[in-house]
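>>> Following is a predicted model, sequence given first.
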Amino acid sequence: QKSIFIHVIGDSMLDVDYKVSTHRISPECPNVNILQSPDDKPFRQFPGGAANVCYQLNNFNVICRLFSFMDDEAYDIIRDKGVKYWGLIRLPDGHFIPRKRRYYAQGFQVVARWDIEKANYGLESLKLLQDKLLDTWQIFQAEPDVIIFSDYNKGLFNDLSINRIKTNAITIVDPKAAPLERWKGCTVFKPNAKEARELSGMQNWKAQCDYFKEVLGCKAVIITQAGDGIVGKTDDYFEYRPKLAITPIDVV
């Protein structure tokens with residue numbers, strides 16, 4: 001059976017998790033637990049964002065390659081998890097991809113997530129890096145079957161539209177923020193329910209699908225609704241509602 005060849009282009013991140021113990025409520029900030037840990041080392045670090053898309057696809061019969069911005073520390077961690085690169089674009093010294101820090105006690109997340117990041121990776125302009133990323137994709141690409149555009153609104157797609165990628169592959173867009181028009185011409189548009197409402201300004205999912213198909217000229221719209229299922233439209237509307245509720249081992 002032929003493997004599917006997939007390119008993932010998008011914002012990568014690191015998920016960094018710590019084990020702590022909680023002992024009491026702080027009197028100076030009574031809504032926050034006192035956390036205690038013998039050191040400041042995480043117990044696990046995983047690929048996040050677009051890198052996580054590649055990491056998850058390792059479970060399937062696909063060949064997946066990541067095209068993304070990266071810093072040296074994150075590269076070592078993500079590469080160690082089996083994520084392959086064709087288009088690694090190194091950020092300048094002192095700049096880094098976002099880190100999402102979570103703190104767990106007895107297996108439960110105990111405080112709000114702490115995101116370590118700078119807008120646009122801390123750079124005034126990303127144009128040179130964007131041009132280099134696209135040039136690298138063009139040089140090294142063997143025409144993929146599918147290209148996934150994984151937007152986490154960290155800056156990689158700022159002022160960058162899908163029409164700069166000349167390809168015959170299926171293009172799947174996982175969007176995050178406006179402008180919607182940057183994704184004109186994609187094959188599949190796949191927002192979640194919140195993104196679909198914000199990007200369309202509509203509440204009804206069928207109206208959202210009609211709007212996205214008209215604006216983008218895409219062949220299919222798929223809207224994920226977390227535990228409530230999946231809805232969308234190809235030639236006609238469809239919806240899938242799971243009959244069995246399954247609690248995930250880890251929502252992250």
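On my side now, so go ahead. Predicted model only: the values in this text are computed from it and were never measured. Residues are numbered from 1 along each chain as shown.

>>> What pLDDT does the model give Ile25?
We have a pLDDT of 61 for Ile25.

>>> for the most centrally placed residue in the chain, what are its contacts?
Geometric centre of the chain, nearest residue: Gly49, 3.3 Å, by C-alpha atoms, centre = their mean. Shown in contact with Gly49 (C-beta atoms under 8 Å, 6 or more residues apart in numbering): 10-13, 97-98, 150, 152, 154. Where C-beta positions appear, they are placed from N, C-alpha and C, glycine not excepted.

>>> can you pick the most crowded of those?
Ser12 (30 neighbours; other C-beta atoms under 10 Å).

>>> From Ser3, how far off is it?
23 Å (C-beta to C-beta, to the nearest Å).

>>> give me the number of residues near the residue nearest to Ala193 when sequence neighbours are not counted?
Excluding its sequence neighbours, the residue lying closest to Ala193 (C-beta to C-beta, 6 or more residues apart in numbering) is Gln225, at 4.7 Å. When neighbours are defined as other C-beta under 10 Å, Gln225 has 16 of them.

>>> Sort out which residues of the lengthiest helix in the chain are buried, please.
Longest helix in the chain, counting residues (DSSP state H): helix 127-140. Judged by neighbour count (16 or more other C-beta atoms under 10 Å), helix 127-140 contains these buried residues: 129-130, 133-134, 136-137.

>>> next one: stretch 37-55
Applying 16+ other C-beta under 10 Å to stretch 37-55 flags 42, 45-55 as buried.

>>> ok, now stretch 55-69?
Buried positions in stretch 55-69, judged by neighbour count with 16+ other C-beta under 10 Å: 55, 57, 64-69.

>>> ok so, going back, need the max-distance pair from the buried residues of helix 127-140.
The largest separation in the buried residues of helix 127-140, counting by C-beta to C-beta, is between Leu129 and Trp137 at 12.7 Å.
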